[in-house]
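Enquirer: sequence plus predicted model, see below.
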Amino acid sequence: MTDSWLLLTGGRVIDGLGNPPVDDCAVLVRGDRIHAIGPAARADAVPRGEPLLTLDVTGRTVMPGLIDVHCHMTYGESRTEEEIDLYTSPERRTLLAAHNATKVLRAGVTSISQPGGSYFIGVGIRDGIRDGLVHGPRMTTAGRYLTTSNGLTDWYPDSVGVPAGNIGTLTNTVDQMREEIRHQVKNGVDLIKCADSPYGEYQAFTDDEMKAIADLTHQLRKKVTIHARGAAEVRAAARAGFDWIMHGNVLDDAAIEALAETGTPLVPTLLLLANMADYRREAEVPAHQADAVKRMLDKTADSLHRAREAGVRFAVGTDSGFAVTAYGEWHARELQLLKDYAGLTSLEAIQAGTSGCAGMMNLEGQVGAVAEGMLADLIVADGDPSRDLGVLVDPARILHVILGGVVQEFDEDLRSQIYQHDRQPHEYSYKRLTYEMVVGDGTPAPATDVPWEAEQRADLVTDARRIEKASRRAAREAYTDEFAD
């Protein structure tokens, strides 16, 4: 079979390994692998008669495609938890995920990991990409999160339970956890995702439960990660042998020591919180929620700076999939946030978002770097990201996306296409109506400070949850208030 060749000439190369950029550096690709870099990358190195495509990228930057190891393809850019879990059929979720995968690739993200989602849709999307049925990045995926009654994703009251469409599955005993791990591995997942407490209020899995989860997952030759915002669960997960940890917003010295000693990578996943805090008006984020995440980000900055000083390894994930973290829009902003909140340099942030994520794709030593023998997953950017990471955030400045040596083609209007969910919460009124409000003394009732559209959507299920779990919500609010201290 005749190889196809691709020659990129005249560009600046950022290798993704933390080294300084190299100007006027050619890259030669043979098939799906990088064949040569620098002086050896020449057109006369291509055998006579074999097809060669040459791109002059003078003044542009060639670098590894970005890797996002926290990308929820089944969330469908949802605005509420109910949209994610209840209001969209699995068939529609699958179609939306296939469409949105192309948006992610167009943004220069050539590999993603989905740490949890609906049903086994992620497995189908991953295999569809591999088989050429879906146009998207390389992908690994978990199934539904393993949670407890005290963890993330057990949202609904006992009268509703955990519906089949929920992104989490309830496992309150070690036997249930083991059964679910075996079930998910049988159905083709690459990794197991656990979900500890929503905001790090407490440790929702015991140390022994975490150890049992990690041991069985590794026995079945899969990897395991966890949503862990607080110090206790981060420390326990690192000691239990989890392969990487998501978030780590509030870390004490013991948690940082555990991460550093075990070499467990931390994926801070700052984008969701930062977009809610920084673009609260544009996204119509409820004021109390935006204020709470801002306080959490202040705590996170302290935690991550101390973690960096201790030598903790960072990787890039974004929590893309919510309406406020839309697919293909914000992935590269996470690199800038790692500079702001963890103190990384631009080259260190790029490394965290490329070679630093390769192991989480089960492709360590194969993706994430511009080096001979690596898979040719590359992007060409208009500008120098080592000086300005904003180059990677601006979609107009991602000039070429190359996946496996093939220059990708996209519809021009891809990013503008938005598909809303077919069902929304049932709304009756925003305020409680009383007789006095209507007749009173003739004085009109004061207008609300925030328009209807800016408030969180609510339906009957949410109302039931609020009544049944008022004490849990109060404890959570008290905890987030600590961030203001």
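Expert: Sure thing, it's come through.

Enquirer: now this structure, which segments are flagged as low pLDDT?
Expert: For the chain, residues meeting the criterion pLDDT under 70 lie at 1, 415-435, 437, 441-485.

Enquirer: outline the domain layout of it.
Expert: Domain ranges of the chain: 66-364, 435-484, per automatic domain parsing.

Enquirer: just name the most buried of those.
Expert: domain 66-364 (a mean of 21; mean count of other C-beta atoms under 10 Å). Backbone N, C-alpha and C define where each C-beta goes, glycine included.

Enquirer: tell me who's in contact with Glu372.
Expert: Taking C-beta atoms under 8 Å, 6 or more residues apart in numbering as the criterion, Glu372 is in contact with Ile34, His35, Ala36, Ile37.

Enquirer: for the third one, grab the count of nearby residues.
Expert: Neighbour count for Ala36, taken as other C-beta atoms under 10 Å: 16.

Enquirer: now it: phi and psi?
Expert: Here is the backbone geometry of Ala36 (degrees, to the nearest 10): phi -160, psi 150.

Enquirer: now do Lys223 against Thr264, distance only.
Expert: Separation of Lys223 from Thr264 (C-beta to C-beta, to the nearest Å) stands at 12 Å.

Enquirer: over to Gly11?
Expert: Using C-beta to C-beta, Gly11 is found at 35 Å from Thr264.

Enquirer: which residues of the stretch 351-485 of the chain fall in strands?
Expert: Using DSSP state E, counting those that start in this stretch, the strands of the stretch 351-485 of the chain run over 378-381, 398-403, 406-407.

Enquirer: to Glu209, which of these lies closest?
Expert: Glu209 lies closest to strand 398-403 among the strands of the stretch 351-485 of the chain, at 38.9 Å (C-beta to C-beta).

Enquirer: nearest the geometric middle of this structure, what residue?
Expert: His70 (2.4 Å; C-alpha atoms, centre = their mean).

Enquirer: how about the contacts made by the nearest residue to it once chain neighbours are set aside?
Expert: Closest residue to His70 apart from its sequence neighbours, by C-beta to C-beta, 6 or more residues apart in numbering: Gly317 at 2.5 Å. Gly317 makes contact with Asp68, Val69, His70, Cys71, Ser113, Pro115, Met246, Val267, Pro268, Thr269, Glu334 under the criterion C-beta under 8 Å, 6+ apart.

Enquirer: likewise Asp319?
Expert: Counting by C-beta under 8 Å, 6+ apart, Asp319 makes contact with His70, Cys71, His72, Thr269, Leu271, Leu272, Thr325.

Enquirer: in helices, which of the contacts of Gly317 appear?
Expert: Secondary structure assignment (DSSP state H) places Glu334 from the contacts of Gly317 within helices.

Enquirer: can you lay out the contacts of Gly317 as JSON lines showing distance to Ala45?
Expert: As requested, the contacts of Gly317 are exported to JSON lines (distance: C-beta to C-beta, whole Å):
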{"residue": "Asp68", "distance to Ala45": "33"}
{"residue": "Val69", "distance to Ala45": "35"}
{"residue": "His70", "distance to Ala45": "39"}
{"residue": "Cys71", "distance to Ala45": "36"}
{"residue": "Ser113", "distance to Ala45": "35"}
{"residue": "Pro115", "distance to Ala45": "41"}
{"residue": "Met246", "distance to Ala45": "43"}
{"residue": "Val267", "distance to Ala45": "39"}
{"residue": "Pro268", "distance to Ala45": "42"}
{"residue": "Thr269", "distance to Ala45": "42"}
{"residue": "Glu334", "distance to Ala45": "37"}
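
Enquirer: which among the contacts of Gly317 gets closest to Thr94?
Expert: Thr94 lies nearest to Cys71 out of the contacts of Gly317, by C-beta to C-beta, at 16.0 Å.

Enquirer: so for Phe410, which of the domains of the chain sits nearest?
Expert: Nearest of the domains of the chain to Phe410, taken as C-beta to C-beta: domain 66-364 at 4.9 Å.

Enquirer: how far does the closest one stretch from one end to the other?
Expert: Domain 66-364 has its terminal residues 14 Å apart, counting by C-alpha to C-alpha, to the nearest Å.

Enquirer: give me the number of residues near Arg48?
Expert: Applying other C-beta under 10 Å, we find 5 residues neighbouring Arg48.

Enquirer: and the gap between it and Leu6?
Expert: Here Arg48 is placed at a distance of 17 Å from Leu6 (C-beta to C-beta).

Enquirer: about what we covered before: in the contacts of Glu372, find the pair that's most separated.
Expert: Maximum pairwise distance in the contacts of Glu372, criterion C-beta to C-beta, is 8.6 Å, between His35 and Ile37.

Enquirer: in JSON lines, list the domains of the chain along with distance to Gly383.
Expert: Rendered in JSON lines, the data for those read as follows (distance: least, C-beta to C-beta, whole Å):
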{"stretch": "domain 66-364", "distance to Gly383": "12"}
{"stretch": "domain 435-484", "distance to Gly383": "35"}
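
Enquirer: one step back: list the contacts for the residue nearest to the centre of the chain?
Expert: By C-beta under 8 Å, 6+ apart, the contact list for His70 reads Ser113, Pro115, Met246, Val267, Thr269, Gly317, Thr318, Asp319, Ser320.

Enquirer: ok, so of the residues you listed, who is nearest Asn100?
Expert: Comparing the contacts of His70 against Asn100 with C-beta to C-beta places Ser320 closest, at 9.0 Å.

Enquirer: the closest one and Val69 touch, don't they?
Expert: No. Contact criterion C-beta atoms under 8 Å: Ser320 and Val69 do not qualify, at 10.9 Å.

Enquirer: list the residues that contact both of His35 and Ile37?
Expert: Leu28, Glu372.

Enquirer: do you know which of the domains of the chain lies nearest Ile402?
Expert: For those, the distance to Ile402 is smallest for domain 66-364, at 7.9 Å, taking C-beta to C-beta.

Enquirer: next one: the closest one to chain centre, how far?
Expert: The chain centroid and the centroid of domain 66-364 are separated by 6 Å under C-alpha atoms, centre = their mean, to the nearest Å.

Enquirer: please apply the same query to stretch 3-11.
Expert: That offset, for stretch 3-11, works out to 31 Å (C-alpha atoms, centre = their mean).

Enquirer: what residues are up against Gln351?
Expert: Gly16, Leu17, Gly18.

Enquirer: can you classify the first one by secondary structure?
Expert: Per DSSP: H, G, I helix; E, B strand; the rest coil, the local secondary structure of Gly16 is coil.

Enquirer: what's the closest non-adjacent residue to it?
Expert: Residue nearest to Gly16 in three dimensions, not counting chain neighbours: Thr354, with 3.6 Å by C-beta to C-beta, 6+ apart.
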